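Engineer: No sequence on hand, only this structure:
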């Protein structure tokens, strides 16, 4: 089997080690160099994406997840008796008509709701979404600071 030089037809190799004729073989130094180049390119791409698109790391349906969670918490609260069931006896806080829905103004506070009719809920618009820095938790592996 003839031996081929790394540099023959394969740009990016850093050594002159003779290798088998296989195009997939690389020495350890060349593999490390290629991994380093890929890592650097990924870092540059992430910085560019973060500059051009501030929400690029946010999951595609993150807002809907907050909304579903808030609605599920309200449904559980109604089922357990923490919130009254809207059966027409409770008035809308905006117009006084029978309330049919609970309206969130902030999906980060799922039990902070007001009973409203459907028309008033639509006119109020969408609630605010929790911001990314709103829920920051301490890491467990960080040493805790003791108060002297």
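Structural biologist: Yes, it's here. Keep in mind that what you see is a predicted model, and the values were worked out from it rather than measured. Numbers count the residues shown, from 1 in each chain.

Engineer: who's in contact with residue 93?
Structural biologist: Applying Cβ atoms under 8 Å, 6 or more residues apart in numbering to residue 93 gives the contacts 99, 114, 115, 116, 120. Every C-beta, even on glycine, is put in place using the N, C-alpha and C of the backbone.

Engineer: repeat for residue 84
Structural biologist: Here residue 84 is in contact with 78, 90, 115 (criterion: Cβ under 8 Å, 6+ apart).

Engineer: Is it in a helix, a strand, or coil?
Structural biologist: Secondary structure assignment for residue 84 (DSSP: H, G, I helix; E, B strand; the rest coil): coil.

Engineer: can you pull the pLDDT of it?
Structural biologist: For residue 84, the pLDDT comes out at 93.

Engineer: same deal with residue 111?
Structural biologist: As summarised for this prediction, residue 111 has a pLDDT of 91.

Engineer: Pretty sure it sits against residue 73.
Structural biologist: Yes - with contact defined as Cβ atoms under 8 Å, residue 111 reaches residue 73; the gap is 6.3 Å.

Engineer: higher neighbour count, those two?
Structural biologist: Taking other Cβ atoms under 10 Å, residue 111 and residue 73 do not tie; residue 73 has more neighbours (18 against 13).
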